[in-house]
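A.B. asks: Sequence and predicted structure below; questions after.
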Amino acid sequence: MGSRNTTRPPDKGHGKVAHGRMGPRPELAVAVLADLGLSDERIGRYFRLPPEKIIAIRLQRVLPTVQAHEIPPG
């Protein structure tokens, strides 16, 4: 009854992974809230970020960076 499993060290982070307020995928957090009808300004207030940062995160998902080898010759 009083024995403790000592095969694993105690978790100092209480099982939580350190991420920012938006979690591991900020672009998905912004996309979900935008899909729910929140404006960039409202999402920014929620996450305590300027609307410009929210717009940049949202546009990263819409316009992913194209690698040089993916650009067709033209």
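C.D. replies: Done, it's in. Residues are numbered from 1 along each chain as shown.
A.B. asks: Give me the below-cutoff pLDDT ranges for the protein.
C.D. replies: Residue ranges of the chain with pLDDT under 70: 1-19, 61-74.
A.B. asks: Scan it for its longest helix.
C.D. replies: helix 51-62 (DSSP state H).
A.B. asks: What are the buried residues along it?
C.D. replies: Using 16 or more other CB atoms under 10 Å as the test for burial, helix 51-62 gives 54, 57-58. (C-beta placed from N, C-alpha, C; glycine too.)
A.B. asks: now swap in stretch 39-46 and tell me
C.D. replies: 40, 43-44.
A.B. asks: Nearest to V32 among these?
C.D. replies: I43 (9.7 Å; CB to CB).
A.B. asks: Quick one: list the elements packing against the helix or strand hosting the closest one.
C.D. replies: Counting by DSSP states H and E, the element that carries I43 is helix 40-47. Applying 3 or more CB pairs under 8 Å, 6 or more residues apart in numbering; DSSP states H and E, one finds that helix 40-47 makes contact with helix 26-35, helix 51-62.
A.B. asks: Could you work out which of those reaches nearest to G20?
C.D. replies: Among those, helix 26-35 sits nearest to G20 (CB to CB), with 7.0 Å.
A.B. asks: how far away is G20 from G37?
C.D. replies: G20 is 23 Å from G37, where distance means CB to CB, to the nearest Å.
A.B. asks: neighbour count winner among these two?
C.D. replies: Neighbour totals were compared for G20 and G37, and G20 leads with 10 against 7 (other CB atoms under 10 Å).
A.B. asks: so that one is in which element?
C.D. replies: G20 belongs to no helix or strand, assigned by DSSP H and E.
A.B. asks: Next, count neighbours for the closest residue to it other than its chain neighbours.
C.D. replies: Once flanking residues are discounted, G20 sits nearest to P26: 7.0 Å by CB to CB, 6 or more residues apart in numbering. Residues near P26, counting by other CB under 10 Å, number 20.
A.B. asks: you'd agree R48 is up against M22?
C.D. replies: No - judged on CB atoms under 8 Å, R48 makes no contact with M22 at a distance of 10.6 Å.
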